[in-house]
Structures are given as C-alpha cells and as structure tokens.
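Q: I'd like to go over a predicted model; first the sequence, then the structure.
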Protein chains: 2
Amino acid sequence: MRYGGRMTSDIPSVWARPRRGREQPALSREQIVAEAVKLLDSDGLEALSMRNLGKRLGAGATSLYRHVASKEELIEFAIDEVYGEVGESSPDAEWRAGLIISARSVREMIKRHPWVAAVLGQIGLSYLGPNVMRLSNHMLGLLEKAGFSPGAAEKALSVLLAYVIGAGVGEAAWLTSLARSGLTEEEWTERLKPVTLAAAAPYPRLVAAFTAAQENSDQDTFDYGLEAMLDGLAARRP
Amino acid sequence: MRYGGRMTSDIPSVWARPRRGREQPALSREQIVAEAVKLLDSDGLEALSMRNLGKRLGAGATSLYRHVASKEELIEFAIDEVYGEVGESSPDAEWRAGLIISARSVREMIKRHPWVAAVLGQIGLSYLGPNVMRLSNHMLGLLEKAGFSPGAAEKALSVLLAYVIGAGVGEAAWLTSLARSGLTEEEWTERLKPVTLAAAAPYPRLVAAFTAAQENSDQDTFDYGLEAMLDGLAARRP
DNA sequence: GCCCTCTTGCGAACACTGTACGCACGATGC
DNA sequence: GCATCGTGCGTACAGTGTTCGCAAGAGGGC
C-alpha cells in the first residue's frame, strides 16, 4: 500500500483525496531556490539532489522541472540568491572604506554558504545574475570615485574580486573538510597539525613558517591581503 | 554471448583466454592518475567517472579501487599531479621576480587544467600534497628573502595564492563555459556580448565599464593585480 | 451549464553514477 | 606442491539527473 499516490478511485472520500492544485500555494521558483540554499547550507553540496529537494518541499522530484530547467540552472539561481545577501556601503562612503565593507561582506557570505566557493569554478557565467550585477555596479562606482577610468575600474574590480573569491575558496575548503570531519574546530585543528607537519617535514622552512603562523587568524589574514591589494590599486590611479 | 568475460571453461583455447596478469603491465596508481588528468583535460570534470576512466585504461571500473581509495582521493592525487607542473625560478632569483614567475606558472597551469580551479573549493586539505608543499616552500623562501619573518611570510603567501587562485577560478569558469558552448572563443565572446549588456542594462555605469574594458586582456589583468598585490606586500615588510 | 486549452504535479522509466563484496587467478614464499 | 597474497573484475545496490506522458485543476469563451 502506498500513501500519497494519486488514488483517484482508491477511497471515495474527500478526506482521502490529497489536497493539491490551487487549494494550497503551489511550487514557485523563489520557494525552490530558497529551499535549495537552506539544504546546501545545512547538508552541503553533495546532498543537493532533485529528489532530496523535492522531499523537503513536499513535492516530487520531477515537479521542480516545471520551474527550473536543470540542476545547473538551479545552482545558478542559488548563487545569485546568496549574492543578494552581500551588503553595500552607503553611497556617499569614502571609496576605500566602501570597498572594504563590500569585500568583507562577500567573505562573510561565503563563510555562511561555503558551497558557493566550490561551485563558482564550475558554473560559467554566474556573473550575469542581477545581484552580482548590482554588487559590481556598486563597487565600480566606488572605484570610479577613487579616480579610475571606467576601463581601469573594471580591471581593478576583477582583480579585487579575484582576491576575495580566492580567499573564499580557501576558507570554504577548510570549512567543508571541517564539516565532514564531524569534529569541533579545535579538535580538527589539533588532529590535522601532526599531519601537516609530517607533510612539511622535508622542508624545515615550511615547518618553521607553519608553526610561527599558527596564531594568524583568518580574518586578520584576509584583511591584511585586502589592505595590501587596495594599497597597490590606490598607487595605480592616474 | 558476452566477450571479454572470464570464460574459464567457455572455449578451451589459449587464444580465447584473455591475456592478463603479469603478462602485460598491470595498473598502477601513477598510471591511473596520469590518465585521469588526461581525461579531465580533454573532456572536463563531469566526464570523469570510474567506468569511463577504467575503459581508457583497458580495465574494469572497480579495478581502480585496488590503487585508489575513492574518486575523491583520485582527484586529490590529480590536483597534486598538476601542481607538479608548476615551475620554480632559480633559487638565487630576486624575490619579486621569483614570485612573479611562480604566480604566472600557477596561472598557466590552471589554464591548461581548468578543472582544478573548480575542484579546489570542494576538496579540503589539498595543500597537503608533496608538490604543493614544494611550491609553498619555494615561494616562502622568496618571501623570507624579501625580509618577511616566517609567520609574516606564511600570511603573505596565503594572500598571494588567494589572488592567483581566485583569478584562476574566474578564468576556469570562462574556459569551461567556452568549452561547453562548442564555439570558438571569438564566436562565444560575440554571442555573449549582447547578453551581458542586457543584464547590465539597469546600470549605465556597468555598461560603460564593460564596453570600455573589452580590450583588457586576461593576461594583462592578471599581471596588473599581481603587481598591485606585490607592491602592497612589499610596503608591509618590517 | 459545457468544452477547450493551458499550466502544473508527478509516477515510471532510462542511462548512468560511486562503490562493497566476493570470486578467480597469477605470482610468490616456504 | 601448497598456502598466501595481491590484483582484476562481474555483479549488485542505492542513488543520480532528466524525459515523457498522463491526470487534474484553472480559466476563458459561449
């Protein structure tokens, strides 16, 4: 006996008939994308399957295809969705402070949604999404305010985003390995330390650097590189 | 009738018995990894399946598991394999010139193997591979030669690699979309132009910047950001 | 009331995936 | 000659993305 099937003539009662159709809110793309983001956040990239997602929405897997052309397209939507969380500085902020706010905000977003970093290299053309466009426009405005010509500002923006995304990829890889380990951050760090030192053993300089760098926090390192990059860019204004 | 099976008692002839065992070179991990890289390069990440790879090696899919614990481990090996292609400057090179050589060499490597960029965010702990260690050691040496303390050099290295990898992710995404389109680079660029401008249409500044930036070459943009980052780092030496 | 079209959900099916298991076989050590 | 080991692989299982066709409700025209 299977429950929840179509059962047109199974049991002749309204109460047995599943409520469907317009009686309750139907599936919508927004709803699907939002649930996909939730699933990706909690269970990671490999847990995102159409059947799985459908189950969460109380729908069949293939129903999703009415609102989304493919899983890849769904991921593209999800990427833009989380880009929507990235904050902007007030439009009259000083250029450098404004860029720092946006860059940090992208980093925070990636830390909340580590799967984006993993997926950005696989999905071409993710920069076309409306939220990415909005963010690009905002940061370009700040760069032009700093004195860059439109063409130079675009170049500076690519370079800045490359740094932010590269840092995000590194942190995402770490967070993914941490999540899969099932341990706390301290336990995982502790367990990894001897492995790292063993791998670095042939190179004494590497061992020394890793040991010395243990108290570098990720946030500090990110800001360090961000400031360095901004200094370099500032010096290149006409 | 199935050919290639075990057929112990099928046909009583030496010629029908498949030549196996030590008569011909057996599978080895090196061979498997090398073939995986070739497959990834030519057909992309989604074409890498154990059955597919086995076929290329004249072996069954499950045979590979004698030499590699899982597909994920295979990819980790493949990552380190391509890091092995990254060149080093001569050890007595000037620090800045040496770092530029390594950074460009990583970029070239990613352009030859775009799938690495897509996979770096998914595979935690890829930095443990011997070739990555060798590269890190080399670049750390250059940074220490520049005057950084071990701890600061490690920070500078993370930051530098973040930029290089972020740039690589962007280029890999582009190359992947290009390969999937099946078009030439010119055709694909031309076909994408109106789409990009349409997506940017709500933001006149974005349209202007994209238009002005059309002759920015990827190599120039990469070098621009690399020099900016190195300037910023150089200014931070003690 | 009726019919006709359009949209939406979905069960079944297809080709494929990663991988566990156990058997068969050649090579090797005693 | 015999036991043991390493290796290849056929089979099987649970799962994947996606296509197809059917069912059913919604809305429009009369």
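A: Looks like it came in fine. Since we're looking at a predicted model, the values are computed, not measured.

Q: could you pull up phi and psi at the residue nearest to the spatial centre of chain A?
A: In chain A, the residue lying closest to the centroid (C-alpha atoms, centre = their mean) is A:Val116, at 3.0 Å. Here is the backbone geometry of A:Val116 (degrees, to the nearest 10): phi -60, psi -40.

Q: do the same with the one 5 residues further on
A: A:Gly121 adopts backbone torsions of phi -80, psi -20, taken as degrees, to the nearest 10.

Q: burial measure for it, as a count.
A: By the criterion of other C-beta atoms under 10 Å in any protein chain shown, A:Gly121 has 31 neighbours. (Glycine included, C-beta is placed from N, CA and C.)

Q: so it is in contact with B:Gln122, correct?
A: No. The criterion here is C-beta atoms under 8 Å, and A:Gly121 misses it with B:Gln122 at 9.1 Å.

Q: which stretches in chain A count as helices?
A: For chain A, the helices defined by DSSP state H cover A:29-43, A:50-56, A:71-83, A:95-112, A:115-120, A:130-145, A:150-181, A:185-200, A:204-212, A:218-234.

Q: then stretch A:70-80 to CSV, C-alphas only?
A: Only the C-alpha atoms of stretch A:70-80 are listed here, as CSV (Å, rounded to 0.1, in the frame of the first residue of the first chain):
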residue,chain,number,x,y,z
SER,A,70,18.1,21.9,-14.8
LYS,A,71,20.0,21.3,-11.6
GLU,A,72,22.7,23.6,-13.0
GLU,A,73,20.3,26.4,-13.6
LEU,A,74,19.0,25.9,-10.0
ILE,A,75,22.6,26.3,-8.7
GLU,A,76,23.0,29.5,-10.8
PHE,A,77,19.9,30.8,-9.1
ALA,A,78,21.2,29.8,-5.7
ILE,A,79,24.4,31.6,-6.4
ASP,A,80,22.7,34.8,-7.2
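
Q: check which residues of it are buried.
A: A:Leu74, A:Ile75, A:Glu76, A:Phe77, A:Ala78, A:Ile79, A:Asp80 (16 or more other C-beta atoms under 10 Å in any protein chain shown).

Q: give me the pLDDT for the last one.
A: Reading off the confidence values, A:Asp80 has pLDDT 97.

Q: any stretches of chain A with poor pLDDT?
A: Across chain A, the ranges flagged by pLDDT under 70 are A:1-25.

Q: run a quick neighbour tally on the closest residue to A:Gly170 other than its chain neighbours.
A: Leaving aside its chain neighbours, A:Gly170 sits nearest to B:Ala162 (6.0 Å; criterion: C-beta to C-beta, 6 or more residues apart in numbering or on different chains). For B:Ala162, the neighbour count with other C-beta under 10 Å is 26.

Q: please name the residues that touch B:Ala162.
A: Contacts for B:Ala162 were tallied using C-beta atoms under 8 Å, 6 or more residues apart in numbering or on different chains; they are A:Tyr163, A:Gly166, A:Ala167, A:Val169, A:Gly170, A:Gly225.

Q: what about the last one, distance to A:Val132?
A: Think A:Gly225. Remark: distance between A:Gly225 and A:Val132 (C-beta to C-beta, to the nearest Å) = 22 Å.

Q: check the second one too.
A: Shown here: A:Gly166 relative to A:Val132, a distance of 17 Å by C-beta to C-beta.

Q: and what of the fourth one?
A: Applying C-beta to C-beta, the value for A:Val169 to A:Val132 is 17 Å.

Q: if you count surrounding residues, which of the two has more?
A: Taking neighbours as other C-beta under 10 Å, A:Val169 and A:Val132 compare with A:Val169 leading, 27 against 18.

Q: which residue sits closest to A:Pro114, ignoring its sequence neighbours?
A: Per C-beta to C-beta, 6+ apart, closest to A:Pro114 is A:Ala172, 3.8 Å.

Q: what's around that neighbour, how many residues?
A: When neighbours are defined as other C-beta under 10 Å, A:Ala172 has 26 of them.

Q: give me the number of residues near A:Asn52?
A: By other C-beta under 10 Å, 13 other residues sit near A:Asn52.

Q: so A:Gln166 sits right up against B:Tyr163, yeah?
A: That one is not Gln; residue A:166 is Gly. Yes. A:Gly166 sits in contact with B:Tyr163 when judged by C-beta under 8 Å, with a separation of 5.6 Å.

Q: state the distance from the nearest residue to A:Leu40 once chain neighbours are set aside to B:Met229.
A: On the basis of C-beta to C-beta, 6+ apart, the spatially nearest residue to A:Leu40 that is not a chain neighbour turns out to be A:Trp115, at 4.7 Å. From A:Trp115 across to B:Met229, the span is 27 Å (C-beta to C-beta).

Q: show me what contacts the closest residue to A:Val119 other than its chain neighbours?
A: The shortest distance from A:Val119 to any residue other than its chain neighbours is 5.8 Å, reached at A:Ile75 (C-beta to C-beta, 6+ apart). Counting by C-beta under 8 Å, 6+ apart, A:Ile75 touches A:Ala36, A:Leu48, A:Val119, A:Ile123.

Q: check contacts around the last one.
A: Shown in contact with A:Ile123 (C-beta under 8 Å, 6+ apart): A:Glu72, A:Ile75, A:Glu76, A:Ile79, B:Ala173.

Q: then the first one?
A: Taking C-beta under 8 Å, 6+ apart as the criterion, A:Ala36 is in contact with A:Leu48, A:Leu53, A:Leu74, A:Ile75, A:Phe77, A:Ala78.

Q: isn't the third one right up against A:Val68?
A: Spelled out, that is A:Leu74. Yes. In this structure, A:Leu74 is within contact of A:Val68 by C-beta under 8 Å, at 4.7 Å.
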